[in-house]
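S.K.: Model the structure of this input:
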Amino acid sequence: MPEADWRRRSPRFQGENFQKNLALVDRVKEIAAEKGVTPGQLALAWLLAQGQDIVPIPGTKRRAYLEENIGAIRIRLSADDLRRIEEVAPKGIAAGNRYPDMSTVNR
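M.R.: Numbering: from 1, shown residues only. Next up, the predicted model:
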């Protein structure tokens, strides 16, 4: 990763945490592939299925990504799909802290 990339300092992108999180991503990719969608679309569809009070705000740098994100509104996740996603990626499963220890960032 480039020197200025924030992931170089993120605990989730370091050592064993990174390997565990990549394995998690691979499992999500499998579910997305089975549904014929991208992992990003699957994630957005999952968020949209969480209730009317949840509003995803995906970031995007290119029009193609925006169009991909919009495609998530056409994805319908069954109760079985939602159960499987929850089994593969339950809340809190990501390895490592979300943010670096700020007391050591500028040292």
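S.K.: Quick check: buried residues in stretch 68-75?
M.R.: Within stretch 68-75, the residues scored as buried using 16 or more other CB atoms under 10 Å are E68, N69, A72, I75. Quick note: C-beta positions are derived from backbone N, CA and C, even for glycine.
S.K.: now stretch 17-24
M.R.: For stretch 17-24, burial by neighbour count (16+ other CB under 10 Å) applies to N17, F18, N21.
S.K.: Could you check how far the residue nearest the centre of the chain is from K35?
M.R.: Computing the C-alpha centroid of the chain and ranking residues by CA atoms, centre = their mean puts A43 first, at 6.2 Å. Noted for A43: a distance of 12 Å to K35, by CB to CB, to the nearest Å.
S.K.: which intervals of the chain have sub-threshold pLDDT?
M.R.: 104-107 (pLDDT under 70).
S.K.: Return the longest helix in it, judged by number of residues.
M.R.: helix 15-35 (DSSP state H).
S.K.: Are there helices or strands packed against that helix, and which ones?
M.R.: If contacts are counted by 3 or more CB pairs under 8 Å, 6 or more residues apart in numbering; DSSP states H and E, helix 15-35 sits against helix 39-48, helix 79-88.
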